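**Student:** Predicted model and sequence follow; I will ask about them next.
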Amino acid sequence: MRPEPRPGPIAAILRGRGRTRRALLGDWIRVRTLANSWPALAGLAAFAAMLGLQQLIAPGTQRLLTAVFLFVALAQAWNIIGGYTGYASFGQVAFFGLGAYTVAVLMNNYHVSFWMALPAAVLVGVLFAVVIGVPLLRLRGHYFAIATLGAAEGAREVINNMTSVTGGGGGITIPTFGDQAPTPYFGKPGFYLAFLVLAALSVVVAASLARSRFGYAMVAVHEDEDAAGAVGINTTVVKVVAFGVSAAIVACAGAFYAFQQIEFYPTDVFDASFTVLMVIMVVIGGSGSVVGPLVGAVGLELLSQFLRVNLGSFNQLIFGAVIVLVVVFFPQGVVSYLRDAWRTRHFSVLDNVRRYRL
Amino acid sequence: MAQFLQAAAYGVVQGGLLGLVAVGFSLVWGIMNVVNFSHGALAVMGAYIAWLLNIRFGLDPFLAIPIVAAALFAFGYVVQRSLINLVINAPIFLTLLLTFGLSLVILNGLQLLFTADDRTIDTSYASQSFAVGAVNVPYGRLAACFLAVAITVALALMMGRTRLGHAIGATGMDRGAARLMGIRARHIYAVTFGIAAALSGVAGTMIATVGSFNPTTTPGQLTLDAFVISVLGGLGNMYGALVGGLVLGIAESIGGLLLTGTWVNAIAMAVLIVTLIIRPSGLIGKALYSGRVEV
């Protein structure tokens, strides 16, 4: 066996220092049991079920589930930076919009195929994350939230005013028909698959990050950044990489979303309510876990669609009220509440409310 | 040159009004560490109350201010006491989400009641103006600006000179110690939020008098402006909010003169971010307190 090359600092954090890849794989196989593999197996079963379900459902339901998958990916992405690392970014929609516009500009202006534009979109998202992440991740708490919010608003204004490239406020259209189309349109079934795969990948990325050495570093930064630095974690690298991974997923989602929408405006893909929805889904599900954002995204998106169909003009009002009530009654997230309540056999919601009360 | 002076004059009167929009927001953020996403919604709520009083009873918006302020104070007090106090110790994004959900409820309620149409409070004087050389100054905006400055100064005096003001400041500096000194923190927080809501409602009334408002786009814009101004001025700093408002108002009106399209918004955001990176305590002086003890 050839000796491992000396890993760089990021690779070392990601992989664990001083262990060969084969040794790590051996460990991993040895510790597999049903007790610690069932989440992965359940996930795999759910993925297969969703694949099979596609043949059975009506186009309307397919569109609904496509939106659910989109939000699963976005919620998982936000959870990496906001939940695990503890940096509440209110500007993740910037990466969504940048991904969408990268794809649209490349496909519309340069007739690049979607599959070439997709990696470019992810690259643009990650680059922007690094550029704004290095200075902004020094800020903490509300300051970081406001700064990222400002960055997203600023990114939208820049796209809005680069009229010659992006079409500005008049929007942009991706050519999808005839000879003009660089890539044939996927159609509803195609986008169902695309977003399903994206959602599954984001869950896998989040789950494997969470269980890696890097994941523990993220949690350490969340718990106490100064202490994390003191035990030798390069907190800047951890924060920027977490921000970048999150941005990559969001940009990827934005790229697919752009192709699905065909025509859109800066106000659509830089809509701050995307960010807010990501945060709400993670918080309501339970931040800092993989299942929480998954449950939050599926539950909230289904609820909001249900309200939209059944309550007409009252839907936003009720949606707001639901947010207020869940935040007050389950401040740590529904999944986290249920898990803790199950472990401690202590189900009182009132005690739960007292947790953060003044 | 005349154009430039006109833009500067407009910027000053607009800036005073923006300062009034931001001062309550800055107060809540500085004292309670709560970023109030429903600030713009409260302003629009105040604007609707004044608008209703105007079309039903013909009440002048300046005379409606005490009623608006009282109504919004009561609303703010109840909201803080019954909702926000419940999650005040939670991670920051929970208070953000709570106030966001609250603004959804308020704004959609208002939209159901009054539709999404643009509204304005008509007065005989708001559109009149007088000329100083080549510069036109509208009466309504000037009065609104003076009122904004007067309220900000009154609030700053209240914070510095009265027992209530000292109690609010003390609770903001160290809640645990303040409670040990017999200050009822729940009540003080509720009063603080009530004051902020009242100020926001007054600002909304003024905006409705000198311009127009609606429940869909106005609140978001106001909340964002309040963010930028509070950061520029330093949190919990009353005069800072006024200075930040003037800076933003003048920069926007002169920027609008020099730049095409909405580049001026992009620049406002760049200024916000650079300020946060270089001088998070604000442009003038320092924030009300630098160290914060969480209890």
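**Tutor:** Structure's in. What do you need?
**Student:** Let me know whether B:Gly204 touches B:His39 as I believe.
**Tutor:** No: contact between B:Gly204 and B:His39 fails when scored by CB atoms under 8 Å: they sit 10.0 Å apart. (Glycine included, C-beta is placed from N, CA and C.)
**Student:** any shared contact partners between those two?
**Tutor:** Shared contacts of B:Gly204 and B:His39 (CB atoms under 8 Å, 6 or more residues apart in numbering or on different chains): B:Leu222.
**Student:** At the geometric centre of chain A, which residue do we find?
**Tutor:** Taking CA atoms, centre = their mean, the centroid of chain A lies closest to A:Ala77, which sits 2.1 Å from it.
**Student:** and residue 206, how many neighbours?
**Tutor:** Just going to use chain A. For A:Ala206, the neighbour count with other CB atoms under 10 Å in any protein chain shown is 26.
**Student:** I was after chain B.
**Tutor:** 30.
**Student:** likewise the one 5 residues further on?
**Tutor:** Using other CB under 10 Å, the number of residues around B:Gly211 comes to 17.
**Student:** Just give the nearest non-adjacent residue to A:Gly154, would you?
**Tutor:** Once flanking residues are discounted, A:Gly154 sits nearest to B:Met269: 3.3 Å by CB to CB, 6 or more residues apart in numbering or on different chains.
**Student:** how far away is the one you found from A:Ile318?
**Tutor:** Between B:Met269 and A:Ile318 the computed distance is 33 Å (CB to CB, to the nearest Å).
**Student:** These two: which is more packed in?
**Tutor:** Just comparing B:Met269 and A:Ile318: by other CB under 10 Å the higher neighbour count belongs to B:Met269, 22 against 17.
**Student:** Next one, pLDDT for that one please.
**Tutor:** The model reports B:Met269 with a pLDDT of 83.
**Student:** picking up where we left off before, which helices and strands does the host helix or strand of the residue nearest to A:Gly154 pack with?
**Tutor:** Per DSSP states H and E, B:Met269 falls inside helix B:263-278. Counting contacts by 3 or more CB pairs under 8 Å, 6 or more residues apart in numbering or on different chains; DSSP states H and E, the secondary-structure elements packed against helix B:263-278 are helix A:114-136, helix A:141-161, helix B:218-233, helix B:238-258.
**Student:** Longest helix in chain B, by number of residues?
**Tutor:** Secondary structure of chain B per DSSP state H: the longest helix is helix B:2-32.
**Student:** between that one and helix B:218-233, how many degrees?
**Tutor:** Helix B:2-32 runs at 80 degrees relative to helix B:218-233, counting by axes from the mean of the first three to the mean of the last three CA atoms, to 10 degrees.
**Student:** ok, how many other residues are close to A:Glu223?
**Tutor:** A count of nearby residues for A:Glu223, using other CB under 10 Å, gives 10.
**Student:** Could I get the contacting residues of it?
**Tutor:** Going by CB under 8 Å, 6+ apart, A:Glu223 touches A:Gly86.
**Student:** where along the stretch 201-350 of chain A do the helices fall?
**Tutor:** Ranges of helices in the stretch 201-350 of chain A, per DSSP state H, counting those that start in this stretch, are A:213-223, A:225-230, A:235-261, A:266-269, A:272-285, A:291-311, A:315-329, A:334-344, A:349-354.
**Student:** sorry, that was for the stretch 101-250 of chain B
**Tutor:** Using DSSP H, counting those that start in this stretch, helices in the stretch 101-250 of chain B cover B:139-161, B:163-173, B:175-180, B:185-210, B:218-233, B:238-258.
**Student:** any chance of these in JSON lines, plus mean pLDDT and distance to A:Val328?
**Tutor:** Listed next are the helices of the stretch 101-250 of chain B as JSON lines, based on pLDDT from 0 to 100; distance: least, CB to CB, whole Å:
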{"stretch": "helix B:139-161", "mean pLDDT": "90", "distance to A:Val328": "30"}
{"stretch": "helix B:163-173", "mean pLDDT": "92", "distance to A:Val328": "22"}
{"stretch": "helix B:175-180", "mean pLDDT": "91", "distance to A:Val328": "20"}
{"stretch": "helix B:185-210", "mean pLDDT": "94", "distance to A:Val328": "15"}
{"stretch": "helix B:218-233", "mean pLDDT": "86", "distance to A:Val328": "21"}
{"stretch": "helix B:238-258", "mean pLDDT": "86", "distance to A:Val328": "29"}
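**Student:** Dump the ones you listed into a markdown table; add distance to chain A as well.
**Tutor:** Output for the helices of the stretch 101-250 of chain B, formatted as a markdown table (distance: least, CB to the nearest CB, whole Å):
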| stretch | distance to chain A |
| --- | --- |
| helix B:139-161 | 21 |
| helix B:163-173 | 10 |
| helix B:175-180 | 8 |
| helix B:185-210 | 5 |
| helix B:218-233 | 6 |
| helix B:238-258 | 12 |
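**Student:** Tabulate those (a markdown table), appending distance to A:Ile249.
**Tutor:** As requested, the helices of the stretch 101-250 of chain B are arranged in a markdown table below (distance: least, CB to CB, whole Å):
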| stretch | distance to A:Ile249 |
| --- | --- |
| helix B:139-161 | 44 |
| helix B:163-173 | 38 |
| helix B:175-180 | 38 |
| helix B:185-210 | 37 |
| helix B:218-233 | 26 |
| helix B:238-258 | 35 |
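**Student:** quick revisit: any idea of the angle the helix holding B:Met269 forms with helix B:218-233?
**Tutor:** Here helix B:263-278 runs at an angle of 40 degrees relative to helix B:218-233 (the same axes, to 10 degrees).
**Student:** and helix B:263-278, how far out from the chain's middle?
**Tutor:** Averaging C-alpha positions (CA atoms, centre = their mean, to the nearest Å) puts helix B:263-278 19 Å from its chain's average.
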